[in-house]
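Q: no sequence on hand, only this structure:
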């Protein structure tokens, strides 16, 4: 449960940080948006360090969480409703993350 929470927190920081930079550069918002985005992205870089798995496995599995959160972000923030292919792709990614993080026998 802790690992999932860390994945979600990291994902939200990365997506929101990138989105704030996007608003600053693409939509001419205040530089404060960009700075807030940079801070969120820096904190995002620290959060995965609290995971128990190796770096490579954490980031591989995190990618799946990021994809699901990105689909949800697009739906809620950008008002782009996901279609069946979005959900199927996200489910495939989650299945891959489960395989990557599945405990090894004797290892």
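A: That came through fine. Given the structure is predicted, the values throughout are model-derived calculations rather than measurements.
Q: low-confidence ranges, this structure, go.
A: For the chain, residues meeting the criterion pLDDT under 70 lie at 107.
Q: what about the helices in it?
A: Assigned helices in the chain, in chain order: 2-26, 31-46, 55-76, 84-101 (criterion: DSSP state H).
Q: using CSV, lay out these together with mean neighbour count.
A: From N, CA and C alone the C-beta is placed, and that goes for glycine too. CSV is the format used below for those (neighbours: other CB atoms under 10 Å):
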stretch, mean neighbour count
helix 2-26, 17
helix 31-46, 15
helix 55-76, 17
helix 84-101, 14
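Q: now do the same contact list for the residue nearest to residue 24 when sequence neighbours are not counted.
A: Closest residue to residue 24 apart from its sequence neighbours, by CB to CB, 6 or more residues apart in numbering: residue 34 at 3.6 Å. By CB atoms under 8 Å, 6 or more residues apart in numbering, the contact list for residue 34 reads 20-21, 24-25.
Q: for residue 78, give me phi and psi.
A: Residue 78 has phi and psi values of phi -90, psi 0 when expressed as degrees, to the nearest 10.
Q: distance of it relative to residue 22?
A: In this view, residue 78 and residue 22 are 10 Å apart by CB to CB, to the nearest Å.
Q: what does residue 59 give?
A: 22 Å.
Q: and if you look at residue 103?
A: Residue 103 is 38 Å from residue 22, by CB to CB.
Q: now residue 88
A: Counting by CB to CB - residue 88 and residue 22 are separated by 26 Å.
Q: swap in residue 91?
A: For residue 91 relative to residue 22 (CB to CB), the value is 26 Å.
Q: one more: residue 28?
A: 11 Å.
Q: residue 71 and residue 86 touch, don't they?
A: Yes - if you go by CB atoms under 8 Å, residue 71 and residue 86 touch, sitting 5.2 Å apart.
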